[in-house]
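Colleague: starting from these lines, generate the structure:
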Amino acid sequence: MNIHERIRNDGLHGRIITAEAAANMFEDGMVVGVSGFTPSGYPKAIPLALAQRVRRSGEKLKLTLLTGASVGDELDGAWTEAGIISKRAPYQTNGACRESLNTSGGIEYIDMHLSRAPKEVRSGLFGPMDYAVIEACAITEDGDIVPTTAVGNSPAYVQYAKKVLVEINTSQPLALEGMHDIYVPRDPPDTAPIPLCSAGGRIGAPHIVCGPGKIAGIVITDIPDNTRGFYAVEEIHRAMARNLLDFLRGEVKAGRLGPKLHPLQSGVGSAANAVLAGIGDSEFRGLEFYSEVIQDSALDLLDRGTFSICSGTAVSPSPGRLKDFYENIDKYRDKIILRPQEISNSGEVVARLGVISMNTAIEADIYGNVNSSHIMGTRMMNGIGGSGDFARNASISIFLTPSTASGGKISCIVPMCSHIDHTEHDVGVIITERGAADIRGASPRERAPLIINNCAHPDYRDALLDYYRRALTGAHAGKAHTPHLMGEALSWHQRFNDTGSMKTH
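Modeller: Numbers count the residues shown, from 1 in each chain. As a prediction, the model looks like this:
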């Protein structure tokens with residue numbers, strides 16, 4: 001490695017330290033903000049060294065951990081298993097972390113709209129931030145930080161933290177430099193419009209402003225991003241994609257959308273990745289993508305010409321696709337823009353661009369409410385993530401879910417959601433492999449038959465229709481805006497049975 005290519009401020013070379021030395025800087029009760037959004041661009045060497053320090057010493061060390069979104073097992077997993085995390089925000093997907101936050105006495109988890117997290121950190125809601133730990137591919141001559149595959153909340157954490165620890169990751173190519181557009185908005189009461197008027201616009205700098213005085217140490221590492229693989233596209237996803245495309249074609253025919261639609265947003269994970277892939281088989285070309293995470297399908301759609309630009313806060317493809325991304329990074333340089341998540345998820349920008357949001361649901365109810373975070377209303381899965389940022393501000397808010405889960409044992413269309421993340425007011429269209437329900441402009445009593453008949457699985461459709469008919473005539477003697485048989489609606493969700501699967505109805 002040419003150290004001068006990676007650390008261009010010669011005065012900072014004396015601050016290169018080991019991961020163990022950096023780990024020794026942390027003290028009990030500290031608040032730590034780290035880079036990373038999905039398992040991309042997060043620090044690895046320092047978190048692993050800190051977990052090893054705690055395991056070896058047996059000391060009590062509890063930290064508040066703030067990230068961009070989910071991070072890899074080297075951080076969430078290692079710190080959970082070492083008992084380091086006392087409080088966690090704003091989003092996670094790690095199995096060990098999930099188990100702890102669902103346990104009394106475990107991690108205290110604050111599930112947040114991702115666009116709100118940086119403002120609340122800067123407001124002091126979590127207290128002073130002791131350290132920001134940021135993965136970088138380089139440090140500039142002025143001591144500013146060039147991020148890697150994710151921006152997330154890094155600019156806010158660098159700005160707010162007392163000190164910054166930088167991990168220079170040599171597995172991340174220097175060719176990433178120039179792909180970032182770092183713009184930090186003003187906080188109230190001195191706010192100003194965010195001057196972004198297109199998905200491909202650039203309004204900021206290619207690096208995070210830091211300065212050498214704030215950097216307490218630099219650790220050199222080559223641990224790669226531990227990104228997740230995606231399951232294969234199945235017929236159920238192709239069917240959902242066909243239903244999505246039919247809906248979009250209908251909007252074009254009605255004159256509400258043009259042939260290039262509006263910028264598209266897609267949720268994170270295998271199902272969202274699979275449905276997005278289906279757009280590549282359509283007639284649509286030259287579309288814009290304004291989202292959080294750029295996954296395999298988004299890269300594929302860039303290759304096919306379906307997308308002309310991809311804007312997000314992280315590139316997080318599967319391991320094989322990540323290798324391909326690195327090897328062909330020059331062809332993506334002018335087509336991918338990585339922004340802070342308070343810009344990628346900004347409600348102001350989403351509304352201005354007329355983004356069409358496409359997010360996934362755990363369950364949706366017959367009146368259009370959506371649960372995207374909790375199992376059986378009590379156990380946190382991952383969190384709301386950025387879905388609320390987009391759904392509430394989108395020109396069209398779409399939620400996708402298979403009609404059933406657990407091999408057909410559970411209906412994903414229910415009388416009443418066991419937990420509500422997105423109310424009926426923020427949901428415009430529900431799509432399953434069975435069909436699409438456009439509930440815009442529909443009253444609750446109009447929505448229920450649409451959702452049941454168009455989206456529910458045949459195995460559950462009659463039971464749902466029976467529930468709705470009885471609720472319609474029985475609730476307050478037929479005088480109800482949103483008819484429910486409350487006891488029966490709640491009992492639809494039954495507890496786990498002895499085998500660990502869920503039954504419904």
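Colleague: for the spatially most central residue of the chain, give me the pLDDT.
Modeller: For the chain, the residue sitting closest to the mean C-alpha position, by C-alpha atoms, centre = their mean, is residue 385 at 4.6 Å. pLDDT for residue 385: 95.
Colleague: once you drop chain neighbours, what's closest to it?
Modeller: Closest residue in space to residue 385, ignoring its immediate chain neighbours: residue 91 at 5.2 Å, by C-beta to C-beta, 6 or more residues apart in numbering. For glycine as for every other residue, the C-beta is placed from the backbone atoms N, C-alpha and C.
Colleague: please identify the helix or strand for that neighbour.
Modeller: Per DSSP states H and E: residue 91 is located in neither a helix nor a strand.
Colleague: where does pLDDT dip in this structure?
Modeller: Along the chain, the parts satisfying pLDDT under 70 run over 475, 477, 494-505.
Colleague: buried stuff in the longest helix seen in it?
Modeller: Looking across the chain with DSSP state H, the single longest helix is helix 235-253. Buried residues in helix 235-253, counted by 16 or more other C-beta atoms under 10 Å: 236-245, 247-248, 251.
Colleague: looking at these, which is nearest residue 411?
Modeller: Taking C-beta to C-beta as the measure, residue 411 sits nearest to residue 236 out of the buried residues of helix 235-253, at 14.6 Å.
Colleague: look up phi and psi at the nearest residue to that closest one once chain neighbours are set aside.
Modeller: Leaving aside its chain neighbours, residue 236 sits nearest to residue 433 (4.7 Å; criterion: C-beta to C-beta, 6+ apart). Main-chain torsions, residue 433, degrees, to the nearest 10: phi -70, psi -10.
Colleague: was I right about residue 433 contacting residue 244?
Modeller: No: contact criterion C-beta atoms under 8 Å: residue 433 and residue 244 do not qualify, at 10.7 Å.
Colleague: burial check on residue 213, number of neighbours?
Modeller: Around residue 213 there are 9 other residues, counting by other C-beta atoms under 10 Å.
Colleague: residues near the residue nearest to residue 385, how many?
Modeller: When neighbours are counted by other C-beta under 10 Å, residue 91 registers 26.
Colleague: contacts only, for it.
Modeller: Residues in contact with residue 91 (C-beta atoms under 8 Å, 6 or more residues apart in numbering) are 67, 69, 70, 111, 112, 114, 382, 383, 384, 385.
Colleague: next, give phi and psi for it.
Modeller: Torsion angles, degrees, to the nearest 10, at residue 91: phi -160, psi 150.
Colleague: could you pull out the strands for the stretch 401-505 of the chain?
Modeller: For the stretch 401-505 of the chain, the strands defined by DSSP state E, counting those that start in this stretch cover 404-405, 410-411, 413-414, 429-432, 435-438, 493-496, 502-504.
Colleague: between these, which one is closest to residue 470.
Modeller: strand 413-414 (15.4 Å).
Colleague: residues in contact with the nearest residue to residue 242 once chain neighbours are set aside?
Modeller: Spatial nearest neighbour of residue 242, excluding adjacent residues (C-beta to C-beta, 6+ apart): residue 278 at 6.8 Å. Applying C-beta under 8 Å, 6+ apart, we find residue 278 in contact with 233, 237, 238, 240, 241, 242, 244, 245.
Colleague: same thing but 7 Å
Modeller: 237, 238, 241, 242, 245 (C-beta atoms under 7 Å, 6 or more residues apart in numbering).
Colleague: and the gap between the residue nearest to residue 236 and residue 401?
Modeller: 9 Å (C-beta to C-beta, to the nearest Å).
Colleague: and residue 408, how many neighbours?
Modeller: Neighbour tally, residue 408, other C-beta under 10 Å: 12.
Colleague: I meant residue 13, not that one.
Modeller: 11.
Colleague: distance to residue 325 and mean neighbour count for the strands of the stretch 401-505 of the chain - can I get that in TSV?
Modeller: Compiled in TSV, the strands of the stretch 401-505 of the chain are given as follows (distance: least, C-beta to C-beta, whole Å; neighbours: other C-beta atoms under 10 Å):
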stretch	distance to residue 325	mean neighbour count
strand 404-405	32	19
strand 410-411	36	22
strand 413-414	37	24
strand 429-432	29	26
strand 435-438	32	23
strand 493-496	40	14
strand 502-504	38	16
